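Engineer: need a structure here:
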Amino acid sequence: MLKPEILDPQGQAVQRALPRLGFEGISDVRQGKRFELEVDGPVDDAALARIHDLAESFLANTVIEDFTVKVESDDVVAGAVK
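Structural biologist: Down below sits the predicted model:
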């Protein structure tokens, strides 16, 4: 991951693209060897399913990459793309 003070143009581009792709409620995206998503509201099963869909359709190239989605805390989900 880039340090917080380092500009993350790829994370910003992903964040700007999400609403156009129908993914609402993501307030920040940082990109590195993984994507860390801050989720507005509770992280329930529906939110996790939507984030899994986001990772599968937008964040990961599933032809050549595996990915996992995991909860880091009550309102932060990190999707690791390997």
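
Engineer: show the pLDDT at the residue nearest to Gly32 when sequence neighbours are not counted.
Structural biologist: Distances taken as C-beta to C-beta, 6 or more residues apart in numbering put Met1 closest to Gly32, at 3.8 Å, once the chain neighbours are dropped. Quick note: C-beta positions are derived from backbone N, CA and C, even for glycine. Per-residue confidence at Met1 stands at 70 (pLDDT).

Engineer: Val71 now?
Structural biologist: Value for Val71, per-residue pLDDT: 87.

Engineer: how near is it to Val63?
Structural biologist: Distance from Val71 to Val63, counting by C-beta to C-beta, to the nearest Å: 27 Å.

Engineer: what are the ranges of the strands in the chain?
Structural biologist: 26-31, 35-39, 67-73, 76-81 (DSSP state E).

Engineer: buried sites along the helix ranked longest in the chain?
Structural biologist: Secondary structure of the chain per DSSP state H: the longest helix is helix 9-20. Going by neighbour count (16 or more other C-beta atoms under 10 Å), the buried part of helix 9-20 is 11, 14-15, 18.

Engineer: which of these lies closest to Glu24?
Structural biologist: Checking these against Glu24 with C-beta to C-beta, the nearest one is Leu18 at 7.5 Å.

Engineer: my read: that closest one touches Phe35, true?
Structural biologist: No - with contacts counted by C-beta atoms under 8 Å, Leu18 stays clear of Phe35, the gap being 11.1 Å.

Engineer: mutual contacts of those two, please.
Structural biologist: Common contacts of Leu18 and Phe35 (C-beta atoms under 8 Å, 6 or more residues apart in numbering): Val29.

Engineer: quick one on the thing from earlier: specify which residue of Val71 and Val63 has the higher count of neighbours.
Structural biologist: The neighbour comparison of Val71 against Val63 (other C-beta atoms under 10 Å) goes to Val71, with 14 against 5.

Engineer: who is that one paired with across the strands?
Structural biologist: Taking DSSP bridges as the rule, Val71 bridges to Val77.

Engineer: please report the distance of it from Glu56.
Structural biologist: Noted for Val71: a distance of 17 Å to Glu56, by C-beta to C-beta.

Engineer: coming back round to it: residues in contact with the longest helix of the chain?
Structural biologist: Residues outside helix 9-20 that contact it (C-beta under 8 Å, 6+ apart) are 24, 26, 28-31, 35, 54, 58-59.
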